[in-house]
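A.B. asks: Structure here, sequence nowhere to be found:
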């Protein structure tokens, strides 16, 4: 527990963005020649005080004193070489491995994708597109590519996007509307990440270059943009104006009548239940729940989002379904990033964009590390394989262990790859019905290369990612603080019995019992009213010894416990703090028992013995030893504070 507390304390003193977030790197103070920049101190100060960080002299001085004391302890730990022990190094290596496993992908893939998605969610886009299909099995790939390029050239010459869409687009749903897809917002469904990337890169009026998705070739145009509508919670009343294609007489008059009754103050829920022809929602008082854009038709959506206040309702309006009145229940708006982050990461990690971004990261690592592969080595190995590759008993054919690829200064051999295949037997078996041997082997190879790239990058995190370096510093210094406190304070306090006893004698007046009651809690094991009444009467008038002697002769009718409780104890609630006071009996009929309490005597205020107060004494002794130790550290190490820099921080 202490290790956790002190590690968290160290985290409190650092941040992964301390240096990156501030341009102010003036030196605030130095301990034994080791400089601490003001940016580090300011981050701590603002992070922990939040809105209470008033930059007053008193507040800044208190924080500076606290931080200097922390740094003094860590400096002592380093001078004692506590960070050089094998046990400490092993623990730090284990932590680094654990942290590095998720750090790179979380930072470079998940976090970036979440931020990207959240930023895009702030806008709705009105989009048109032209789709040129490549046909089944991409049969018309080249023809589609030529066609879309010709359309793109026509657009650059100034021809109408809408007319070209009507003429050429293979999207039958938007073709006749000039390619109009209406309003959309992030995240787009699976398979449309590239589409989303293109539309969010455009300005209103611009169109994209041709690009490929699994559906074919697209050109998209951004018609307009607006602040995101988000979601709305609403209810509605529907009066249909047609039945089986034939008009229903009086539909408009009926909806107008309902509207007039709403204006007059009648209850929306009751009117919806009685008159709405939407069978799914009428029973719920017309309740539709929460919805965003593209859930319902454009007219319905525009009417719903036009309502400015909760409980406002629209005038009657018409859609293809009939006549509606919508009531706004609530409009939560777009939640802050930290509120939606968890839901975003769950969606993103299951979405194509995650794998696309991960592949982009792999390619980036390859480029930066000077990746060089020797494909002839892989091809030679593949040529020796047959369908036995998919069997449980597969053994690699004889091969010459040659250089497979280079990544930075690391040489990866064919033997490394073979061992990787052997260790992934289940994956090999799963591929037999889906891939040829060559395809399977290359899939293994791509996975192997990706794993190696990630591990390579993980081994260089401190060099390339300053915030990772600071995370490691946080944990390292937190554990150093624990180690040095354990040696210099905690162990001494618990093992120094002579010092502890002396400390107790010098401070014993601090450890006092408040006035206490010696309390007997009796349990009568019977549901016989007469017997219970007799026992309760005896408890009131006789001593404990006589009570037990009388009623526990043949069997244990009464059990009891004795406690010494201070005056404010909750067990004494409802009782007067005086000798012979008896509580009201508690009858538990299910267990056939009765419980009653009696104060046998009052014990005056007294000093606790060392054994009685030991936990408190040890804690106070630790605090005393820590104070003395800090005083010695302040004498041992020279602390130089840059007063000019400190004064510049004070704002009032």
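C.D. replies: Looks like it came in fine. Worth saying up front: this structure is predicted, and the values here are computed from it rather than measured.
A.B. asks: Show me which residues of stretch 128-147 are buried.
C.D. replies: Within stretch 128-147, the residues that count as buried by 16 or more other Cβ atoms under 10 Å are 128-134, 140, 144-145, 147. C-beta coordinates here come from the backbone N, C-alpha and C atoms, glycine included.
A.B. asks: Out of those, which sit inside helices?
C.D. replies: Judged by DSSP state H, the buried residues of stretch 128-147 include 144-145, 147 as members of helices.
A.B. asks: Take those residues and lay them out in TSV including pLDDT and distance to residue 174.
C.D. replies: What follows is these, written out as TSV (pLDDT from 0 to 100; distance: Cβ to Cβ, whole Å):
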residue	pLDDT	distance to residue 174
144	94	17
145	95	21
147	96	17
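A.B. asks: Okay, buried residues for stretch 583-600 please.
C.D. replies: In stretch 583-600, counting by 16+ other Cβ under 10 Å, buried: 583, 585, 593-594, 596-599.
A.B. asks: can you check stretch 296-306 too?
C.D. replies: For stretch 296-306, a neighbour-count test (16+ other Cβ under 10 Å) marks 296, 300-301, 303-305 as buried.
A.B. asks: Could you do stretch 66-82 as well?
C.D. replies: 67-68, 70-78, 82.
A.B. asks: Next: stretch 397-405.
C.D. replies: 404-405.
A.B. asks: State the distance spanning the first to the last residue of it.
C.D. replies: Separation of the first and last residues of stretch 397-405 by Cα to Cα, to the nearest Å is 20 Å.
A.B. asks: Go ahead and measure how far that stretch is from the middle of the chain.
C.D. replies: Relative to the centre of its chain, stretch 397-405 is centred 44 Å away, using Cα atoms, centre = their mean, to the nearest Å.
A.B. asks: Run through the neighbouring helices and strands of the host helix or strand of residue 353.
C.D. replies: Taking DSSP states H and E as the definition, residue 353 sits inside helix 352-369. Judged by 3 or more Cβ pairs under 8 Å, 6 or more residues apart in numbering; DSSP states H and E, helix 352-369 is in contact with helix 86-105, helix 112-120, helix 193-199, helix 437-458.
A.B. asks: which ones are touching residue 370?
C.D. replies: Contact analysis of residue 370 by Cβ atoms under 8 Å, 6 or more residues apart in numbering lists 406-408.
A.B. asks: And residue 438, by the same measure?
C.D. replies: Contacts of residue 438 (Cβ under 8 Å, 6+ apart): 382, 385.
A.B. asks: if we can go back for a sec, in a markdown table: the ones in helices among the buried residues of stretch 128-147, plus distance to residue 637.
C.D. replies: Formatted as a markdown table, those follow (distance: Cβ to Cβ, whole Å):
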| residue | distance to residue 637 |
| --- | --- |
| 144 | 74 |
| 145 | 71 |
| 147 | 76 |
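A.B. asks: Residue 550 touches residue 538, doesn't it?
C.D. replies: Yes - the pair residue 550 / residue 538 is scored as a contact, 6.7 Å apart, by Cβ atoms under 8 Å.
A.B. asks: State the pair within the buried residues of stretch 296-306 that is farthest apart.
C.D. replies: Spatially, the most separated pair among the buried residues of stretch 296-306 is 296 and 305, at 10.8 Å (Cβ to Cβ).
A.B. asks: hey, where'd the strands end up in the stretch 251-400 of the chain?
C.D. replies: Secondary structure of the stretch 251-400 of the chain (DSSP state E, counting those that start in this stretch): strands located at 287-291, 317-319, 322-330, 372-373.
A.B. asks: just the ones you listed: most buried one?
C.D. replies: Stretch with highest mean neighbour count among the strands of the stretch 251-400 of the chain: strand 322-330 (a mean of 21; mean count of other Cβ atoms under 10 Å).
A.B. asks: Name the surrounding residues that touch that one.
C.D. replies: The contact list for strand 322-330 (Cβ under 8 Å, 6+ apart) reads 232-242, 251-252, 254-255, 258-259, 262, 268, 277, 286-287, 300, 303-304, 307, 309-318.
A.B. asks: Would you write a PyMOL line that selects the buried entries of the residues you listed?
C.D. replies: Burial among those is assessed by 16+ other Cβ under 10 Å; the matching PyMOL selection reads:
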select buried, resi 232+233+234+235+236+237+238+239+241+251+254+255+258+259+262+268+277+286+287+300+303+304+307+313+314+316
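A.B. asks: what number of residues lie near residue 168?
C.D. replies: Residue 168 has 18 neighbours, counted by other Cβ atoms under 10 Å.
A.B. asks: for it, what are its contacts?
C.D. replies: Neighbouring residues of residue 168 by Cβ under 8 Å, 6+ apart: 130, 132, 147, 151.
A.B. asks: again, only this time at 7 Å
C.D. replies: Neighbouring residues of residue 168 by Cβ atoms under 7 Å, 6 or more residues apart in numbering: 130, 132, 151.
A.B. asks: ok, it to residue 184 distance?
C.D. replies: Distance of residue 168 to residue 184, given as Cβ to Cβ, to the nearest Å: 22 Å.
A.B. asks: ok, now residue 47?
C.D. replies: Look at residue 47 and residue 184: by Cβ to Cβ, they are 38 Å apart.
A.B. asks: circling back to that earlier point, what's the closest of the ones in helices among the buried residues of stretch 128-147 to residue 31?
C.D. replies: residue 145 (66.3 Å).
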